[in-house]
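Below: sequence and its predicted model.
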Amino acid sequence: MTETEQQELKELAHRVRRHVVRMATDGGCFIGASLSCVDVLAYLYRHWLRISNAKLDDPQRDYLLLSKGHDVPALYGLFVELGFLEPHRLANHLKTGDHIYWHPNRNIPGVEFHSGSLGHLLSVGVGIALDIKLCRGKGRVVVILGDGELNEGSVWEAVLVAAAKRLDNLIVVVDRNGFQANLATEALIPLEPLADKFAAFGWETLRLDGHDFEDLEAGFALIPRRLGQPTAIIADTVRGRGLPSIAARADRWFCNFSAAEIEQLLEELEGHRLAVIDSDIIVAR
Ligand SMILES: [Mg+2]
């Protein structure tokens, strides 16, 4: 990856983070998880996935399924930057009359399947990947899972089936931000050694820095790592990446800020002083 390409990706991710922050008001959003997966999504859509804005329903396309649907502001913000979605629609977040909501919705161009009820989209991804194989297609399927989402048993059923069906066109990316809601995953139901668990199920595994574009490129360049085996990428990330005042607080996972706080957070995103947050934060839902 050239320095110019890296810089372009950084600027793209930064613009997406600004969209995410602007959606954290008038009802709020899951800002921390949204910010943790921005870089992975930006890299994939810009550099790896074969998805054309001009033909989002091309049967030969790659697929991305956002199973951890709570971070949909990152996906919708990116869709605006990619030209999939008109910018003004982000302002419809949580308003009636549009499908811009807390979770991905198939009525939004570029969204492959509904999600947000956790633990389901890896099974959908297995089905799509198997269909591609049966049709002798070239498409690849990426499923983004949250680390907390791995507590859903249905995820591991799909992990078993993917290995049994030798789906080397299926890639899981675990957004390993270390949190499930307002608790550290390792304090709740420990996941480590996570890569070993996928390997025990017959998957190829790789661990990388989910905010490092060169690391992402090096990892995805090797896929499929082994013919006949699906790949699990553990992407280490920081929840609230880009906003230290969010990243430092476990309770700031779902946030509904005032308009003045949003302005401060946008300045913090530019590297200025930390935002002063007075709004109540929802710590449990
Ligand atoms: Mg998490």
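Thanks, I have it.

for the ion, what are the nearby residues on the chain?
146-148, 177, 179 (CB under 5 Å from the ion). In short, each C-beta sits where N, CA and C put it, glycine included.

out of those residues, which are buried?
146-148, 177, 179 (16 or more other CB atoms under 10 Å).

Quick one: those residues as CSV, columns for secondary structure, pLDDT and distance to Leu82 too.
Below are these laid out as CSV (DSSP: H, G, I helix; E, B strand; the rest coil; pLDDT from 0 to 100; distance: CB to CB, whole Å):
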residue, secondary structure, pLDDT, distance to Leu82
Gly146, strand, 97, 23
Asp147, coil, 97, 26
Gly148, helix, 96, 27
Asn177, coil, 96, 23
Phe179, strand, 94, 28
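
Would you convert those residues into TSV that also reports distance to Ala33?
Supplementary listing: these in TSV, determined by distance: CB to CB, whole Å:
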residue	distance to Ala33
Gly146	7
Asp147	10
Gly148	9
Asn177	7
Phe179	8
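
Is Asp209 in contact with Gly219, as I believe?
No - with contact defined as CB atoms under 8 Å, Asp209 does not count as touching Gly219 (9.4 Å).

More neighbours: these two, which one.
Of the pair Asp209 and Gly219, Gly219 is the one with more neighbours under other CB atoms under 10 Å, namely 24 against 15.

In three-state terms, label the more buried one for me.
helix (DSSP: H, G, I helix; E, B strand; the rest coil).

residue contacts, it?
206, 208, 233 (CB atoms under 8 Å, 6 or more residues apart in numbering).

how close does it get to the ion?
As defined by CB to the ion, to the nearest Å, Gly219 lies at a distance of 19 Å from the ion.

Identify the bridge partners of the residue lying closest to that residue once chain neighbours are set aside.
Leaving aside its chain neighbours, Gly219 sits nearest to Leu208 (4.7 Å; criterion: CB to CB, 6 or more residues apart in numbering). Note on Leu208: beta-bridge partners by DSSP bridges are Ala235.

Pretty sure Leu208 sits against Glu214.
No - Leu208 is beyond contact range of Glu214, at 9.7 Å (criterion: CB under 8 Å).

who's more crowded, the two?
Higher neighbour count among Leu208 and Glu214: Leu208, with 20 against 13, using other CB under 10 Å.

which residue sits closest to the spatially most central residue of the chain in space, ignoring its chain neighbours?
Nearest to the mean C-alpha position of the chain, counting by CA atoms, centre = their mean, stands Cys37 at 4.4 Å. What sits nearest to Cys37 in space, not counting adjacent residues and going by CB to CB, 6+ apart, is Asp175, at 4.7 Å.

hey, C-alpha coordinates of the host helix or strand of that neighbour in PDB?
Using DSSP states H and E, the element containing Asp175 is strand 170-176. Taking C-alpha atoms only, strand 170-176 is exported to PDB below (Å, rounded to 0.1, in the frame of the first residue of the first chain):
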ATOM      1  CA  LEU A 170     -15.800 -17.200   3.900                       C
ATOM      2  CA  ILE A 171     -14.000 -14.700   6.200                       C
ATOM      3  CA  VAL A 172     -14.900 -13.800   9.700                       C
ATOM      4  CA  VAL A 173     -13.500 -10.500  11.200                       C
ATOM      5  CA  VAL A 174     -13.900 -10.300  14.900                       C
ATOM      6  CA  ASP A 175     -14.000  -6.700  16.000                       C
ATOM      7  CA  ARG A 176     -11.900  -7.400  19.200                       C
END
